[in-house]
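Visitor: Predicted structure and sequence below. I'll ask about it afterward.
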Amino acid sequence: MSSGFYRYSLYFLMAFALAFPACFGGGSDGPKNIVLGPGWHNLERSPDGKNWWLWTKDKGQIVVEVDTDVTLTMRGGVGSIQLPNKIEVTLNGQKAATWEIGGDKYEQKPFQPLPLNLKVGRNIIEFTSANKATTIPTDTRELAIAIDDISLTAGDGKVVFALQ
């Protein structure tokens, strides 16, 4: 393979690491691995870099691997392009929560902290919009829901993962 391939692969890995820094608390209470699963558009950031969000056209996944059974609490924000909307959150195919989003304009709002009973191995957290995706005049992508500032905390309140 060419040196250009390796150079671009390295750039990709560096960009990924910068875009998705995980803050692990260490020990058995933290995840072994967390990745964005299928369904998400590219990560977006505010001009000042302080805020980020991810859009999906219908559903998106976060995959969390743990070495032991553990309960972690997920925190973050959620928004919907069409209002009102319901977002179903599942963990490994089982319903974990339904969030109802109302209002008369789009805005990201914090969701209630959600305890997740993670099992040894791979766990899939899925966010699904009840509303179909739509486009807006300033964006040609199909959009339904967005998440932001997702974090996982242990029982002692220590943040073991934060997507920032």
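Guide: Received the coordinates, thanks.

Visitor: Just the C-alpha atoms of the strand ranked longest in the chain, please, in PDB.
Guide: When the chain is parsed with DSSP state E, its longest strand is strand 70-80. Presented in PDB, the C-alpha positions along strand 70-80 are these (Å, rounded to 0.1, in the frame of the first residue of the first chain):
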ATOM      1  CA  VAL A  70     -22.600  -2.600  35.800                       C
ATOM      2  CA  THR A  71     -25.300   0.100  36.100                       C
ATOM      3  CA  LEU A  72     -24.300   3.400  34.600                       C
ATOM      4  CA  THR A  73     -26.500   6.500  34.300                       C
ATOM      5  CA  MET A  74     -26.700   8.200  30.900                       C
ATOM      6  CA  ARG A  75     -27.100  12.000  30.800                       C
ATOM      7  CA  GLY A  76     -27.300  14.400  27.900                       C
ATOM      8  CA  GLY A  77     -29.700  16.300  25.700                       C
ATOM      9  CA  VAL A  78     -32.100  15.600  23.000                       C
ATOM     10  CA  GLY A  79     -34.100  17.500  20.300                       C
ATOM     11  CA  SER A  80     -36.500  16.900  17.500                       C
END
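
Visitor: any idea how far it is from the chain center?
Guide: What separates the centre of strand 70-80 from the centre of its chain is 8 Å, taken as Cα atoms, centre = their mean, to the nearest Å.

Visitor: Run me through the strand neighbours of that strand, direction for each.
Guide: strand 109-110 (antiparallel), strand 114-118 (antiparallel), strand 145-153 (antiparallel) (DSSP bridges).

Visitor: Most tightly packed of those?
Guide: Looking across those with neighbours counted as mean count of other Cβ atoms under 10 Å, the highest average goes to strand 145-153: a mean of 22. C-beta: built from backbone N, CA, C; applies to glycine.

Visitor: what pLDDT, on average, does the next helix or strand after that strand get?
Guide: Using DSSP states H and E, the helix or strand that follows strand 145-153 towards the C-terminus is strand 159-162. The average pLDDT within strand 159-162 is 90.

Visitor: partners of strand 159-162 in the sheet?
Guide: Sheet pairing for strand 159-162, using DSSP bridges, gives strand 145-153 (antiparallel).

Visitor: Touching, residue 128 and residue 58? I think so.
Guide: Yes. Judged on Cβ atoms under 8 Å, residue 128 makes contact with residue 58 at a distance of 6.8 Å.
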